[in-house]
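In: Dropping the sequence and predicted coords here.
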Amino acid sequence: MSTAEEALTALLELMARLRDPDRGCPWDGRQTFATIAPYTIEEAYEVADAIERGEPAQIRDELGDLLFQVVFHARMAEERGWFDFAAVADGIHAKLVRRHPHVFAGKSATNEADLSRSWEEQKASERAKSALLEGREAAVSALADVPRALPALVRASKLGRRAGRVGFDWANAQQVRDKVLEELQEVDAALATAATPNAPAVVEEMGDLLFALANWSRHLQFDAEEALRGANSKFERRFHDMESLARARGLALGALSPAEWEGLWLEAKERERQVGEG
């Protein structure tokens, strides 16, 4: 048995012990798929955060936490007689072989576009076969199986991409830009007649605007979620720098005027620019 196999076997045995009704952990034993799911999502985000920070030891630890989530779900499924961890591993192995015919079936793929098209075609075929087996072929939608738990920007892009595969899409990025401006005008119109700024009509129009922005990003061929994460990080860096500047000058943050905040913001931007050029 390899080191990896030994480590995985030990983890599976540990999970079984934690869930043991007599000798296990009461907290672990009480958990269900529903109660563990939020932790699974959280751990996936923590992996992404560690990768963004570029910290190898943290990436390793967060991957371990995420693996434990998979083991936890598999154990609960095994207890119900549904499947076990081996079935999970076998399933993803078989799926990856199917989705890489250029590697395992001798089919050629000349470029990344061909690979992406082949991947998506295989996924669509799998969804159709699954629906047929479940007796729901008439109800299969081009938007089927887009997880509701995805971050909203990610899901908006994915829904737009799925709809585009069957011809429901803007022809080019300029058309999506026009839609963004149209939706912005509709937000303004809703605000002009709403009793409160957070009236349902305003919220609905703002949602339409965000959906259009996500799909504009898709047409420009970058990920809206990744772009927003970058903007968040940039804001965070600059705000921390403004806090440092204010503390160094004995300024109380809560007492700063809008003009003083703007001056600190511009200074933080300039300092960041100089660091980038250095």
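Out: That came through, no problem. Numbers count the residues shown, from 1 in each chain.
In: Start from the N-terminal end of this protein and give the helices.
Out: Ranges of helices in the chain, per DSSP state H, are 3-18, 26-30, 33-53, 56-79, 85-98, 101-104, 112-133, 152-165, 173-193, 200-219, 224-248, 258-277.
In: Reformat those into TSV and put distance to Ser141, mean neighbour count and mean pLDDT next to each item.
Out: Bear in mind the C-beta positions are built from the backbone N, C-alpha and C, glycine included. TSV is the format used below for these (distance: least, CB to CB, whole Å; neighbours: other CB atoms under 10 Å; pLDDT from 0 to 100):
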stretch	distance to Ser141	mean neighbour count	mean pLDDT
helix 3-18	36	13	96
helix 26-30	37	11	96
helix 33-53	24	14	92
helix 56-79	26	16	97
helix 85-98	21	12	94
helix 101-104	26	13	84
helix 112-133	9	13	67
helix 152-165	9	18	92
helix 173-193	22	15	97
helix 200-219	18	19	97
helix 224-248	23	14	93
helix 258-277	46	12	91
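In: Any chance of TSV for the ones you listed, columns distance to Ala144?
Out: Listed next are the helices of the chain as TSV, based on distance: least, CB to CB, whole Å:
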stretch	distance to Ala144
helix 3-18	32
helix 26-30	33
helix 33-53	20
helix 56-79	22
helix 85-98	17
helix 101-104	23
helix 112-133	6
helix 152-165	8
helix 173-193	24
helix 200-219	19
helix 224-248	21
helix 258-277	44
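In: so which of the ones you listed gets nearest Asp145?
Out: Counting by CB to CB, Asp145 lies closest to helix 112-133 out of the helices of the chain; the figure is 6.0 Å.
In: Per the annotation, how does this structure divide into domains?
Out: For the chain, the structural domains run 3-98, 103-139, 152-222, 226-277, going by automatic domain parsing.
In: Kindly reformat those domains as TSV containing distance to Asp145.
Out: Output for these, formatted as TSV (distance: least, CB to CB, whole Å):
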stretch	distance to Asp145
domain 3-98	14
domain 103-139	6
domain 152-222	9
domain 226-277	22
